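Q: pasting a predicted model and its sequence here:
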Amino acid sequence: MALHNKLFLIDLNLEGPNAPSWDFMSDEYWQNVLDNFVFKIADSFAFAGVSKTADLFPKGLDYFSDWQLDIIELVEADDDIVCKFNLNDNCKKHFRKFEFAVHSFESKEFNDYYEFDQLYFFSGERLVAIYINHESMIDFLDLTDDETVLIEALETHIKASFVDSAVFTDAFKNR
């Protein structure tokens, strides 16, 4: 069985002086990829830099107070030790809101506070996706043949945003 690495980037441009370049993800793309791909292969998730639920509530912020965060275990992901949570229906509901990680509030200390920089999705013990918030990119790692078949079932404009990681890497090297 082959393993596949894919990137999800909106309107990827691999040529020209600014290549590679891509657009920010819209709510439609985010929700479509989550519902029709990520949620079909992932059963748990973790936030970068979060090794305990208290890390999600710095200085009394309570953005995650209505999330049902069922802790599974501590795991290593992308050179980080993180707390892995069950990807339950409650968390899926919150993830569907593309701007779930950014919120504004009255505070002298925080302005548009980001709860995380990266979000990890797992299938069992295997890290299958990294959503990089500030890059508007999803990096899919070691997908099985069966998992990549799900990409073909996506809407044409959505599946067109999946590219082999090697293609993107080559474009970066050729700049």
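A: Everything's here; your move.
Q: who are the contact partners of the residue nearest to residue 124 when sequence neighbours are not counted?
A: The shortest distance from residue 124 to any non-neighbouring residue, by Cβ to Cβ, 6 or more residues apart in numbering, is to residue 43 (6.9 Å). Backbone N, C-alpha and C define where each C-beta goes, glycine included. Listed by Cβ atoms under 8 Å, 6 or more residues apart in numbering, the contact set of residue 43 reads 86, 87, 122, 123, 124.
Q: are we agreed that residue 81 is in a strand?
A: Yes - counting by DSSP: H, G, I helix; E, B strand; the rest coil, one finds residue 81 located in a strand.
Q: quick one: residue 165 and residue 5 touch, right?
A: Yes - Residue 165 lies in contact with residue 5 (Cβ atoms under 8 Å); the separation is 3.9 Å.
Q: what ranges does the chain have for its strands?
A: For the chain, the strands defined by DSSP state E occupy 4-8, 10-13, 21-23, 44-47, 71-77, 80-86, 102-103, 113-114, 118-123, 126-132, 137-143, 162-164.
Q: ok, the last one: who's next to it in the sheet?
A: In this case it means strand 162-164. Strand 162-164 has these partner strands in its sheet, going by DSSP bridges: strand 4-8 (antiparallel).
Q: pLDDT of the strand it pairs with, averaged?
A: For strand 4-8, mean pLDDT rounds to 95.
Q: leaving out chain neighbours, which residue sits closest to the residue nearest the centre of the chain?
A: Residue closest to the average C-alpha location in the chain (Cα atoms, centre = their mean): residue 131, at 2.2 Å. Closest residue to residue 131 apart from its sequence neighbours, by Cβ to Cβ, 6+ apart: residue 119 at 4.3 Å.
Q: repeat that for residue 29.
A: When the adjacent residues along the chain are set aside, residue 29 lies closest to residue 10, with 6.0 Å between them (Cβ to Cβ, 6+ apart).
Q: re earlier: if I pick the residue nearest to the centre of the chain, what's in contact with it?
A: So residue 131 contacts 118, 119, 120, 121, 137, 138 (Cβ under 8 Å, 6+ apart).
Q: ok, of these, which one's closest to residue 71?
A: Nearest to residue 71 among the contacts of residue 131: residue 120, at 14.4 Å, using Cβ to Cβ.
Q: ok, what's across the strand from the closest one?
A: Beta-bridge partners for residue 120, by DSSP bridges, are residue 46, residue 130.
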